[in-house]
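Trainee: what follows is a predicted structure for the sequence shown.
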Amino acid sequence: MPRLKTLGSRVKTQGERLTIVNTNSWRATKTTAHQRGYGYKWQKAREGWLNAHPLCVYCQRDGRVTSATVVDHIVPHRGDMAIFWDRTKWMSLCASCHSSVKQREENADRFR
């Protein structure tokens with residue numbers, strides 16, 4: 001029985017290790033990719049789009065031939081599912097162009 005007494009005191013001290021989640025932090029409101037619309041249905045649509053449009057639009061514009069790996073929303077959908085699924089607002093990009101050129105364009109538009 002003495003062991004139970006020592007265990008009890010250890011359990012009490014463990015409460016200090018618990019962290020309290022700040023509900024104002026970005027993690028508290030962070031959604032998963034699936035919640036933002038990028039689930040199985042998107043993966044199938046993306047695969048079909050890249051099969052039909054296999055080259056990066058930005059690289060082609062600069063005279064380069066690069067295979068696309070990303071389906072980009074030309075108009076940022078910001079959660080609007082009508083824009084999200086509107087294929088007239090999709091384009092194929094390579095990961096490099098999507099991470100650099102496209103991001104610079106979107107950030108420039110955001111601060112205008």
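Mentor: Thanks, I have it. Numbering: from 1, shown residues only.

Trainee: quick one: residue 108 from residue 81, how far?
Mentor: Distance check for residue 108 against residue 81: by C-beta to C-beta, to the nearest Å, it reads 26 Å. Where C-beta positions appear, they are placed from N, C-alpha and C, glycine not excepted.

Trainee: can you check residue 88 too?
Mentor: 15 Å.

Trainee: give me the more crowded residue out of these two.
Mentor: When neighbours are counted by other C-beta atoms under 10 Å, residue 81 comes out ahead of the other of residue 88 and residue 81, with 9 against 6.

Trainee: residue contacts, the more buried one?
Mentor: Taking C-beta atoms under 8 Å, 6 or more residues apart in numbering as the contact definition, residue 81 lies against residue 37.

Trainee: repeat for residue 108
Mentor: Per C-beta under 8 Å, 6+ apart, neighbours of residue 108: none.

Trainee: which stretches of this protein form helices?
Mentor: Counting by DSSP state H, the segments of the chain that form helices are 2-14, 26-29, 40-52, 57-61, 81-84, 95-99, 101-110.

Trainee: so how far is residue 70 from the residue nearest in space to the middle of the chain?
Mentor: Centre of the chain computed as the mean C-alpha position; nearest residue by C-alpha atoms, centre = their mean is residue 33, 5.5 Å away. According to C-beta to C-beta, residue 33 and residue 70 sit 13 Å apart.

Trainee: and if you look at residue 95?
Mentor: Noted for residue 95: a distance of 6 Å to residue 70, by C-beta to C-beta.

Trainee: same deal with residue 64?
Mentor: Applying C-beta to C-beta to residue 64 and residue 70 gives a distance of 16 Å.

Trainee: which of these two has more neighbours?
Mentor: More neighbours sit around residue 70 than around the other of residue 64 and residue 70, counting by other C-beta under 10 Å; the figures are 17 against 12.

Trainee: wait, residue 95 touches residue 67, no?
Mentor: No: with contacts counted by C-beta atoms under 8 Å, residue 95 stays clear of residue 67, the gap being 10.0 Å.

Trainee: lowest-confidence helix or strand of this structure?
Mentor: Every helix and strand in the chain was compared by mean pLDDT, DSSP states H and E; the lowest is helix 2-14, with a mean of 56.
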